[in-house]
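Colleague: Predicted model, plus sequence, below.
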Amino acid sequence: MARKIAEELANAREANRQGNKRRALQHLKKKKLYEAQLDALATSQLKLQEQVIMLEGSKATSETYGALRSGADAMRRMVKETKIEDVDATMDAISEQTEQMRQVQEALGQPVGFAAELDEDELEEELAELDALDVEDKLLDSELARELEEEPAMPSVPLPSVPAPAIAADEEAELKALQAEMELL
């Protein structure tokens, strides 16, 4: 997912460099959607971890309830009669746990979505930042080109003349044609 976010940012920068602002904004929107999806996945993962913890808590609660029930049974055997207060306390505990489970299930059932409307001003600011980075890159490139153009020129020193040997007329014509070609380059 992080790779897709980086790709969309690179695509937005490239489209912006080419002067295609609409395409750059589309890539920035895709980037925002990928970021939102990444956040949603992290939230879902957290909810799953919460559910595991809740289940572990429910198991502990169940064991606690079992222990309370066993205690109540032992008390019943000791007194040989059931006391309504014990039953009410157990039922209150069950009701409380049931209410907590219902609240957790409601919380898990709520949608976690990314708002369909993106903040256009935020996207414009991000595009302006990309423009600033591109301008900075162009300035650095032009400064480097200027430095390369300012290389010291080689001093012009006349070369010593060498007496030319006698050249046949057709060789002389070939030499002139070759010199003409070299001047065109």
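Modeller: Sure thing, it's come through. As the structure is a prediction and not an experimental result, all values here were calculated from the model. Residues are numbered from 1 along each chain as shown.
Colleague: Where does the prediction get shaky in the protein?
Modeller: Applying pLDDT under 70 to the chain picks out residues 81-83, 109-119, 148-168, 184-185.
Colleague: how about the helices in it?
Modeller: Secondary structure of the chain (DSSP state H): helices at 2-17, 21-79, 84-109, 120-149, 169-184.
Colleague: which of those helices is buried the deepest?
Modeller: Highest mean neighbour count of these: helix 2-17, a mean of 16 (counted as mean count of other Cβ atoms under 10 Å). Every C-beta, even on glycine, is put in place using the N, C-alpha and C of the backbone.
Colleague: okay, the angle between it and helix 21-79?
Modeller: Put simply, helix 2-17 runs at 160 degrees to helix 21-79, going by axes from the mean of the first three to the mean of the last three Cα atoms, to 10 degrees.
Colleague: all numbers from here: first residue = 52
Modeller: In the new numbering, first residue 52, that becomes helix 53-68.
Colleague: Helix 53-68 - contacts with which helices or strands?
Modeller: helix 72-130, helix 171-200 (3 or more Cβ pairs under 8 Å, 6 or more residues apart in numbering; DSSP states H and E).
Colleague: ok now it, how far from the chain's centre?
Modeller: 10 Å (Cα atoms, centre = their mean, to the nearest Å).
Colleague: try stretch 220-235
Modeller: 63 Å.
Colleague: And for stretch 93-111?
Modeller: That offset, for stretch 93-111, works out to 27 Å (Cα atoms, centre = their mean).
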